[in-house]
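Asker: Provided below for reference: sequence and predicted model.
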Amino acid sequence: QVQLVESGGGSVQAGGSLRLSCAASGRAFSIYTMGWFRQTPGKEREFVAAISWSGTNTYYTDSVKGRFTISRGNSKNTVYLQMNSLRSEDTAVYYCALPRATTAIPRSPSAVGSWGPGTQVTVSS
C-alpha cells in the first residue's frame, strides 16, 4: 500500500523560508516522478512543483519559480520542497503527490494517483 507523509509545515513571516519533506513507502518510488500541490479553502488543488525520477528535470508553476526548489533525497523515496521568499499568497495546505503514470508530470489533480495527508503552511504579512 502506498503511503506518503509530509512534514515541515508551519507558520512564518513573509520573506521567510520553510522546507517541506515527503517520505514515501510501499512502492519503488525511485522510478516515479513526484510532485507537490497546494490548496486553499474554496479553491481547487493546484500544481506547485514536480521532479523526475532521476532528479534531473524539475517543473514549477510560474508563481513559485525562482523562490521554490524541489529536490529528491539519495534514496529517491524522499522529496523536498525548499520554499524561500514566502508570500502571504503561498499560505495553503501542501500535499505530496504521486502520479498515476510512473513518469508523468502531474500538473493537475486528475493526474495524481496518491496523496499525502497534507501539511499547513501559513505565511503572515
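Answerer: Now that the structure is in, tell me what you want to look at. Values in this document were obtained by computation on a predicted structure and should not be read as measured data.
Asker: and residue 60, how many neighbours?
Answerer: 18 (other CB atoms under 10 Å). Heads up, the C-betas are built off the backbone N, CA and C, glycines and all.
Asker: look up how far residue 26 lies from it.
Answerer: Separation of residue 60 from residue 26 (CB to CB, to the nearest Å): 27 Å.
Asker: got it, and residue 73?
Answerer: Here residue 73 is placed at a distance of 16 Å from residue 26 (CB to CB).
Asker: okay, those two: which has more neighbours?
Answerer: Using other CB under 10 Å, the more surrounded residue of residue 73 and residue 26 is residue 73, with 14 against 11.
Asker: residue nearest the centroid of this protein?
Answerer: Nearest residue to the geometric centre of the chain (CA atoms, centre = their mean): residue 36, 2.1 Å.
Asker: pretty sure that one contacts residue 97?
Answerer: Yes. Contact between residue 36 and residue 97 holds when scored by CB atoms under 8 Å: they sit 6.7 Å apart.
Asker: what touches both of those two?
Answerer: Residues touching both residue 36 and residue 97 by CB atoms under 8 Å, 6 or more residues apart in numbering: residue 50.
Asker: hmm, back to that, next one: the residue nearest to the centre of the chain, what pLDDT does it get?
Answerer: Looking at residue 36, its pLDDT stands at 98.
Asker: what helix or strand does it sit in?
Answerer: Using DSSP states H and E, residue 36 maps to strand 34-39.
Asker: for that strand, buried residues please.
Answerer: Within strand 34-39, the residues that count as buried by 16 or more other CB atoms under 10 Å are 34, 35, 36, 37, 38.
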